[in-house]
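**Q** Take a look and give me a structure for this.
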Amino acid sequence: MTMKHLPSPNFDSRDGHSIDMLVLHYTGMRTAQEALERLCDASAKVSAHYVVDEDGTVYQLVAEEHRAWHAGVSSWRGHTNINQRSIGIEIVNPGHEFGYRPFHTIQMEAVATLCKNILSRHNIPARNVVGHSDVAPSRKEDPGELFDWKFLAEQGVGFFPDAPKAIVISAAPDIQMLAEYGYEISDPIKTIIAFQRHFRQDSLTEQWDSRCAALLAALLTLV
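**A** Numbering: from 1, shown residues only. As a prediction, the model looks like this:
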């Protein structure tokens, strides 16, 4: 993993909060250069701690002890100031607006290495390794259904449980179980889609079925 330093002016203090979350994003811009320029532009007022390019190069923009501005209005496990407690990683991909595509193997390997390094320095539980869409389901889609969460889990980063293949359509999810895992559920349909983008990537149907239920039940046994 090649690391380069590209300081961004967009950060402030964590005000004494410890780090217990890792939030993964895609850049959602046409090129890596556009994304890096925006994340380092003081007028944009956005940043991340790290950016992982498609060739596996990692850029550090903000030191981990500082708060980067990446999550916006968000919530996880009842906490709303996600920036204050998290490290944010932007992964170069044009996203759904500009031609969403699978993430390169070398890029995913760099993401896994970076995440493992971060986890070795901070007490971040596996359930707190999340995507932007997990913490902001009504606003965000990233890193999306093509992101290889299963590969990361196999590397010891986050959860990705197996579930039975048999599917029976259920009338509705147990919303409180989604909330118990960590999701904010003011918009249940978008929360279901966010769950599917992370854990049920072959089915972004808005329908809650027995496989979704089995995945959620498996997740709750791991926490």
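**Q** Can you name the residues that contact the residue most central in space within the chain?
**A** Compute the mean C-alpha point of the chain, and by Cα atoms, centre = their mean the closest residue is residue 131, 1.7 Å away. For residue 131, the residues meeting the contact criterion (Cβ atoms under 8 Å, 6 or more residues apart in numbering) are 23-25, 142-144, 147, 149, 194, 197-198. Where you see a C-beta, it was placed from the backbone N, CA and C, and this is true even at glycine.
**Q** of those, closest to residue 64?
**A** residue 23 (13.0 Å; Cβ to Cβ).
**Q** And the strands in this protein, which stretches?
**A** Per DSSP state E, the chain has strands spanning 3-5, 11-12, 21-26, 50-52, 58-60, 67-68, 86-91, 129-131. These are given in chain order.
**Q** what angle separates the longest helix along the chain from strand 21-26?
**A** Determined from DSSP state H, the single longest helix within the chain is helix 105-121. Between helix 105-121 and strand 21-26, the angle formed by their directions is 160 degrees, by axes from the mean of the first three to the mean of the last three Cα atoms, to 10 degrees.
**Q** since we're on the nearest residue in space to residue 42 that is not next to it in sequence, how many residues are nearby?
**A** Once flanking residues are discounted, residue 42 sits nearest to residue 9: 4.7 Å by Cβ to Cβ, 6 or more residues apart in numbering. By the criterion of other Cβ atoms under 10 Å, residue 9 has 12 neighbours.
**Q** ok, now how distant is residue 9 from residue 31?
**A** Distance, residue 9 to residue 31, by Cβ to Cβ, to the nearest Å: 21 Å.
**Q** State the number of residues packed around the spatially closest residue to residue 130 that is not a sequence neighbour.
**A** For residue 130, the nearest residue in space outside its immediate sequence neighbours is residue 23; the separation is 5.8 Å by Cβ to Cβ, 6+ apart. One way to gauge burial is a neighbour count; for residue 23, by other Cβ under 10 Å, it gives 29.
**Q** what's stretch 139-149 in contact with?
**A** Counting contacts by Cβ under 8 Å, 6+ apart, the residues outside stretch 139-149 that touch it are 24-26, 28, 72-73, 91, 93, 95-96, 100-103, 108, 131-133, 158, 160, 196-199, 201, 204.
**Q** Kindly report the same for stretch 23-37.
**A** Contacts of stretch 23-37 (Cβ under 8 Å, 6+ apart): 6, 38, 48, 51, 53-54, 59, 61, 70-71, 82, 86-98, 111, 129-132, 135, 142-144, 147.
**Q** same thing with stretch 89-106?
**A** Stretch 89-106 is contacted by residues 22-30, 32, 35, 39, 48-56, 70, 107, 111, 114-115, 141-144, 146-148 when judged by Cβ under 8 Å, 6+ apart.
**Q** Return a ChimeraX selection command for the buried portion of those.
**A** Typed into ChimeraX, the line below selects the buried ones among those, using 16 or more other Cβ atoms under 10 Å:
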select :22,23,24,25,26,27,28,29,32,35,39,48,49,50,51,52,53,54,56,70,107,111,114,115,141,142,143,144,147,148
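**Q** pLDDT score for residue 173?
**A** Confidence per residue is given as pLDDT, and for residue 173 that number is 58.
**Q** should've said residue 162
**A** With respect to pLDDT, residue 162 scores 82.
**Q** what about this protein, any weak spots by pLDDT?
**A** Along the chain, the parts satisfying pLDDT under 70 run over 163-173.
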